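Novice: Here is a sequence together with a model predicted from it:
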Amino acid sequence: MARRDAEIAGVMEEFRSRIREIAEMQQQRVKLTATASTRDRQISVTVNANGVIIQTKFGSGIGEYSYEDIAKSITRLAQQAAEDVFDQSKQVMAPLAEERARLPKLSDVIPGMPDFQSEIPTEPPVSVAPPGDAEREDAQLVFTDVETLEDKPETGKGVTDSVW
């Protein structure tokens with residue numbers, strides 16, 4: 001019994017150690033930022049670890065840019081900075097991903113068990129095209145579980161009714 005208790009204690013300590021390592025990686029990741037700037041350094045955009053803009057700076061020569069150029073530059077710079085910070089995040093979390101890749105699949109442990117990992121769909125790339133762009137016309141959302149006003153004509157209430 002004492003041997004089994006020692007084994008369980010060892011497993012629990014290993015588990016706690018791994019959890020601490022994961023928490024440390026997460027703490028490192030949430031502190032990440034990335035900045036992208038125009039070549040002339042007149043516009044710079046900084047994003048946090050989630051790719052959210054947290055700072056935008058303009059140089060003294062920003063007046064030479066048109067509003068359209070400023071808008072396009074901020075969008076492009078935010079996308080570049082987000083890509084950079086996501087790459088940094090992958091590097092911080094790489095040890096965890098490598099360890100996970102080394103773990104046996106359920107189908108390796110249980111004979112005859114199908115490999116469910118191959119059944120998980122991969123997410124398509126997220127578009128960075130602006131709203132109304134032709135690239136976005138192909139990606140239409142279809143909601144199949146939403147009741148419309150026509151579905152419930154007897155109540156006269158729908159998602160736009162003031163009871164919401």
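Specialist: It's in. Just so you know, these numbers come straight off a predicted model, no measurement behind them.
Novice: alpha carbons only for contacts and neighbour counts from here, please
Specialist: OK.
Novice: buried residues in the helix or strand bottoming out on mean pLDDT in the chain?
Specialist: Least confident helix or strand, the chain: helix 106-109 with a mean of 75, by mean pLDDT, DSSP states H and E. Buried positions in helix 106-109, judged by neighbour count with 16 or more other CA atoms under 10 Å: none.
Novice: continuing past that helix, what's the next helix or strand?
Specialist: Counting by DSSP states H and E, the element after helix 106-109 in chain order, helix or strand, is helix 134-137.
Novice: which outside residues touch stretch 29-44?
Specialist: By CA atoms under 8 Å, 6 or more residues apart in numbering, the residues outside stretch 29-44 that reach it are 45-50, 56-62, 70, 73-74, 77-78, 80-82, 84-85, 88-89, 92-93.
Novice: What's the mean pLDDT across the helix or strand encompassing Ala6?
Specialist: Element membership of Ala6 [criterion: DSSP H and E] is helix 2-30. Average pLDDT, helix 2-30: 89.
Novice: Just want the most central residue of this structure.
Specialist: Centroid-nearest residue in the chain: Asn50, 6.5 Å away (criterion: CA atoms, centre = their mean).
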